[in-house]
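Colleague: only the shape, not the letters, is given here:
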């Protein structure tokens, strides 16, 4: 079967603007997804590390939300400006970006 | 951070109908995603096992494609009729449904 070293999913769910939970798409997650894809492409990581859009990851208030597998590290409040750091430190280097990692006490 | 025992992603990418690669959405993946969500909900598995839509998983010819983390098992040719078996055997029981698992030689 295919084998990826790491697979990142970015929530691109969009809710009604009046929904009090907010939504990742309303916070710019499609641009975050595009930035991850572009960064991975430019580094020649196709087939090793992949970024995909995902439906609702159930962390709406903490969005933009991402999750990285296989280690299941959850990120919140991710912006386009964080993408290079997450790619370099975590997706390539294996070291999560701690300041953006969601903790249980944020649930 | 949140912790899921298993997280399944169903490709719901849709390509132009004339694209020779085909696409998972054109093969009914949105109904597959809905069936997984319904089955997990009915079994009371919210917070333990999750199903989400995903963008293109790059296995278009083998669609409907799904991937299950943390073990990164890839499935191809998934239909609504396979959903209960994948939930019971793999997502709950930990035993992948071998007849649907994508192999390297199918790439």
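Modeller: Happy to help now that I have it. As the structure is a prediction and not an experimental result, all values here were calculated from the model.
Colleague: quickly find the element holding residue A:34.
Modeller: Using DSSP states H and E, residue A:34 sits in helix A:29-42.
Colleague: chain center to the very next helix or strand once past that helix: distance?
Modeller: In the C-terminal direction, the helix or strand that comes right after helix A:29-42 (DSSP H and E) is strand A:49-54. How far strand A:49-54 lies from its chain's middle: 8 Å, per Cα atoms, centre = their mean, to the nearest Å.
Colleague: got the contact list for strand A:49-54?
Modeller: The contact list for strand A:49-54 (Cβ atoms under 8 Å, 6 or more residues apart in numbering or on different chains) reads A:4-12, A:29-30, A:33, A:36-37, A:40, A:67, A:91-92, B:9, B:52-58. C-beta: built from backbone N, CA, C; applies to glycine.
Colleague: one more pass at 7 Å, please.
Modeller: Residues from elsewhere that reach strand A:49-54 (Cβ atoms under 7 Å, 6 or more residues apart in numbering or on different chains): A:4-12, A:33, A:36-37, A:40, A:91, B:9, B:52-55, B:57.
Colleague: then stretch A:1-17?
Modeller: Residues from elsewhere that reach stretch A:1-17 (Cβ under 7 Å, 6+ apart): A:21, A:23-26, A:29-30, A:32-33, A:36, A:48-57, A:63-69, A:91, B:9, B:54, B:59, B:72-74, B:101-104, B:107.
Colleague: which SS state does residue A:7 fall under?
Modeller: Three-state call for residue A:7 (DSSP: H, G, I helix; E, B strand; the rest coil): strand.
Colleague: and it, what's its pLDDT?
Modeller: Here the pLDDT value assigned to residue A:7 is 98.
Colleague: write out the residues of chain A neighbouring chain B.
Modeller: Residues of chain A found near chain B (Cβ under 7 Å from any Cβ of the partner chain) are A:1-4, A:9, A:52-55, A:57, A:59, A:69-70, A:72-74, A:101-104, A:107.
Colleague: was I right to think residue A:83 contacts residue A:39?
Modeller: Yes. Taking contacts as Cβ atoms under 7 Å, residue A:83 lies within contact range of residue A:39: 5.7 Å.
Colleague: list phi and psi for residue A:71.
Modeller: phi -80, psi -10 (degrees, to the nearest 10).
Colleague: counting neighbours, what do you get for it?
Modeller: Per other Cβ atoms under 10 Å in any protein chain shown, the neighbour tally for residue A:71 reads 12.
Colleague: state the distance from it to residue A:8.
Modeller: Separation of residue A:71 from residue A:8 (Cβ to Cβ, to the nearest Å) stands at 11 Å.
Colleague: equivalent analysis for residue A:97, please.
Modeller: Separation of residue A:97 from residue A:8 (Cβ to Cβ) stands at 12 Å.
Colleague: for chain A, give me the ranges with low pLDDT.
Modeller: Residues of chain A meeting the criterion pLDDT under 70: A:105-107.
Colleague: one more pass at 50, please.
Modeller: Low-confidence segments of chain A (pLDDT under 50): A:107.
Colleague: can you tell me which residue is spatially central in chain A?
Modeller: The residue lying closest to the centre of chain A (Cα atoms, centre = their mean) is residue A:66, at 2.8 Å.
Colleague: contact partners for residue A:33?
Modeller: A:10, A:12, A:51, A:53.
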